[in-house]
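Asks: fold the following.
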Amino acid sequence: MLVPLCYDAVLFDLDGTLVATDRFWVEAARAGAQRAFAELGLAREAPSGAQWMSLVGYPLADGMRRLFPDLSPEQFERVLACCVEEEEAALRAGGAALLPGVAETLDELRSAGVRLGIASNCARGYLDRMMHGLELGLWVEEARCLASPGVRDKADMIRDLLATFGTRSAVFVGDRRGDGEAAHANAIPRIHYAGAFAEPSDEECSDARIEQMGELLPLLGRRAQGVGQALARVGAERAAGTRAFGVSGPLGAGKSLWARDAARWLAAHGRRAAVIELDDYLLEPEKACTRVADPLGMTYDLPAVLDLLARHARGERVDALRSPEARASRLEGEPAAGLDPAEVLILCGPYLLDARLRAALPALVYLEADDETCLKRLAARDVPLRGPEVLIQARRVHLPLQRQVEEKADWAGVVRLAGADVLGGGLPPATRPAYTP
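Replies: As a prediction, the model looks like this:
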């Protein structure tokens with residue numbers, strides 16, 4: 001059975017990833033520079049083709065300053081303008097083309113329901129020409145460039161695309177080191193595309209590598225395969241298998257996304273599943289008190305959680321919406337979110353290693369991540385929305401309490417995965433499905 005891709009969105013760099021920039025840029029830039037040199041009365045040779053191509057993927061003005069550090073501001077602006085004019089003429093003449101395999105890959109992704117976006121360090125006019133002239137707009141729903149509102153750099157572009165798509169289930173595909181920095185600044189993985197103009201050093205800040213665009217879909221399929229293997233280990237992959245299991249780990253380990261993808265995997269294999277967040281059972285603010293002695297019992301309505309698990313085990317339908325915030329936000333007349341007895345219950349949250357929950361929920365997937373990884377992901381994911389207090393609380397309270405629970409836990413039967421491993425689904429590298437182009 002074919003399993004849908006886990007990702008909601010795939011974001012791409014433009015030049016050197018989707019577009020064969022070498023077909024027009026080198027000759028256009030050389031002609032523009034030579035024309036500008038003649039106008040300015042400068043006797044100098046134009047940069048080599050390799051030097052011109054080294055600018056691809058970066059803000060053009062920044063790259064040009066590296067090539068011409070000795071020019072006066074007026075001279076520099078003229079050289080830059082002439083190069084852009086020649087590039088525009090080459091594009092109007094039809095010099096641009098997509099790299100091999102791009103059209104087929106974009107078509108498959110779009111057909112699979114994946115939303116596609118572009119983040120490029122280019123100008124608005126250049127982006128518009130590529131979207132229309134190369135018909136990228138047939139597949140790509142949203143595109144951002146340095147001229148987009150509120151954008152300072154590529155990290156801002158990715159952040160805006162994720163917000164526009166309303167998801168964090170995404171990967172970024174690009175050929176430059178800066179692509180990885182921008183992706184990681186948003187806590188999403190970067191796939192390095194090495195098939196065009198990338199230098200060896202550009203592979204830094206990447207989570208995976210492809211040589212050809214046709215390798216992308218099999219690589220993206222690894223997450224679903226990894227999730228499926230983990231579900232088999234907790235016995236949930238069979239029609240008559242485990243009816244309830246937990247997904248736990250420290251703050252920022254990727255629990256909610258993994259649980260969601262597990263529910264999708266099960267649905268694709270004929271088993272309905274519902275993800276219940278432990279946060280739906282937070283105590284009323286006046287009753288909650290995160291204590292070192294009992295972080296689970298003093299923060300969450302543990303009796304209600306245990307009642308949920310017991311009633312589901314008995315085959316009863318139960319209300320799965322308990323948090324005051326969730327109840328308050330329900331529209332008038334909106335039915336309560338319920339859990340059908342036939343659905344697999346996936347309980348997601350911290351502290352599920354606690355012995356009181358393990359007795360009622362013995363099947364557990366645990367996403368492991370060290371403090372540094374968790375804090376980096378929180379800084380990228382949550383701080384822009386909720387402020388630096390998120391990091392302070394994580395460092396001082398939540399992560400130490402989670403480590404305390406880990407130290408006391410009985411790990412027997414727990415499926416331990418690599419947390420924050422979006423591409424592999426959490427399986428250790430040695431156990432992941434082998435990828436063959």
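Asks: per-domain residue ranges of the chain.
Replies: Listed domain ranges for the chain are 9-20+96-211, 21-92, 222-431 (source: automatic domain parsing).
Asks: following the helix or strand bottoming out on mean pLDDT in the chain, which helix or strand comes up?
Replies: Using mean pLDDT, DSSP states H and E, helix 324-329 stands out as the lowest-scoring helix or strand of the chain, at a mean of 57. Downstream of helix 324-329, the first helix or strand assigned by DSSP states H and E is strand 338-339.
Asks: what mean pLDDT does the helix or strand that that following strand is followed by get?
Replies: Using DSSP H and E, the helix or strand that follows strand 338-339 towards the C-terminus is strand 344-348. Throughout strand 344-348, pLDDT has a mean value of 96.
Asks: who touches residue 384 in this structure?
Replies: residue 159 (Cβ atoms under 8 Å, 6 or more residues apart in numbering). Bear in mind the C-beta positions are built from the backbone N, C-alpha and C, glycine included.
Asks: one more pass at 10 Å, please.
Replies: 159, 163, 185-186, 390 (Cβ atoms under 10 Å, 6 or more residues apart in numbering).
Asks: show me which helix runs longest in this protein.
Replies: Counting by DSSP state H, the longest helix found in the chain is helix 73-92.
Asks: looking at this, residue 117 is in a helix?
Replies: No. Counting by DSSP: H, G, I helix; E, B strand; the rest coil, residue 117 falls outside a helix, being strand.
Asks: surely it and residue 9 touch.
Replies: Yes. Contact criterion Cβ atoms under 10 Å: residue 117 and residue 9 qualify, at 6.3 Å.
Asks: any chance you could map the strands in this protein?
Replies: 9-12, 115-119, 142-144, 170-174, 190-193, 208-210, 244-248, 273-277, 318-319, 338-339, 344-348, 364-368, 414-418 (DSSP state E).
Asks: can you tell me the distance between the two ends of stretch 9-16?
Replies: Distance across stretch 9-16, first residue to last, is 20 Å (Cα to Cα, to the nearest Å).
Asks: mean confidence score for that stretch?
Replies: pLDDT averaged over stretch 9-16 gives 97.
Asks: just checking, residue 45 touches residue 68?
Replies: No. Counting by Cβ under 10 Å, residue 68 is not a contact partner of residue 45; they are 12.0 Å apart.
Asks: more neighbours, the two?
Replies: Set residue 45 next to residue 68 and count neighbours by other Cβ atoms under 10 Å: residue 68 wins out with 18 against 9.
Asks: that older thread, just name the closest of the contacts of residue 384 to residue 53, please.
Replies: Among the contacts of residue 384, residue 185 lies closest to residue 53 (Cβ to Cβ), at 25.5 Å.
Asks: where among the domains of the chain is the average confidence lowest?
Replies: Looking at the domains of the chain, the weakest mean confidence is domain 222-431, a mean of 87.
Asks: for the closest residue to residue 88 other than its chain neighbours, list the residues it contacts.
Replies: Nearest non-adjacent residue to residue 88, counting by Cβ to Cβ, 6 or more residues apart in numbering: residue 125, 7.4 Å away. Residues in contact with residue 125 (Cβ under 10 Å, 6+ apart) are 84, 88, 91, 145, 147.
Asks: got it, and residue 206?
Replies: 172-175, 177, 179-180, 183-184, 189-194, 198.
Asks: re the thing from before, between residue 117 and residue 9, which contacts overlap?
Replies: 141-142, 161-162, 164-165, 170, 172.
Asks: among the domains of the chain, which is the most enclosed?
Replies: Ranked by mean neighbour count, the domains of the chain are led by domain 9-20+96-211 with a mean of 20 (mean count of other Cβ atoms under 10 Å).
Asks: start to end distance for that domain?
Replies: By Cα to Cα, one end of domain 9-20+96-211 lies 21 Å from the other end.
Asks: same deal with stretch 39-50?
Replies: 25 Å.
Asks: name the residues that touch that stretch?
Replies: Under the contact criterion Cβ under 10 Å, 6+ apart, stretch 39-50 has outside partners 22, 25-27, 29-34, 36-37, 52-55, 64, 67-68, 70-72, 74-75, 78-79, 82-83, 197, 199.
Asks: repeat that for 8 Å
Replies: Residues contacting stretch 39-50 (Cβ under 8 Å, 6+ apart): 26, 29-30, 33-34, 36-37, 67, 75, 78-79, 82.
Asks: let me know the closest of the residues you listed to residue 245.
Replies: Relative to residue 245, the closest of the contacts of stretch 39-50 is residue 26; by Cβ to Cβ it sits at 55.8 Å.
Asks: contacting residues around that closest one?
Replies: So, once contact is read as Cβ under 8 Å, 6+ apart, residue 26 ends up touching 49, 52-53.
Asks: can you do 10 Å?
Replies: By Cβ under 10 Å, 6+ apart, the residues touching residue 26 are 46-53, 56.
Asks: before we move on, what about residue 103?
Replies: With Cβ under 10 Å, 6+ apart, residue 103 has these contacts: 18, 134-136, 138-139, 213.
Asks: distance of it relative to residue 19?
Replies: Applying Cβ to Cβ, to the nearest Å, the value for residue 103 to residue 19 is 12 Å.
Asks: likewise residue 359?
Replies: 57 Å.
Asks: same check, this time on residue 270
Replies: Taken as Cβ to Cβ, the span from residue 270 to residue 19 is 42 Å.
Asks: isn't residue 195 up against residue 215?
Replies: Yes. Look at residue 195 against residue 215 with Cβ under 10 Å: they come within range, at 8.7 Å.
Asks: would you turn the strands of the chain into a markdown table with distance to residue 298?
Replies: Formatted as a markdown table, the strands of the chain follow (distance: least, Cβ to Cβ, whole Å):
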| stretch | distance to residue 298 |
| --- | --- |
| strand 9-12 | 38 |
| strand 115-119 | 41 |
| strand 142-144 | 44 |
| strand 170-174 | 36 |
| strand 190-193 | 39 |
| strand 208-210 | 41 |
| strand 244-248 | 18 |
| strand 273-277 | 18 |
| strand 318-319 | 23 |
| strand 338-339 | 25 |
| strand 344-348 | 19 |
| strand 364-368 | 21 |
| strand 414-418 | 23 |
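Asks: thank you kindly, that will do.
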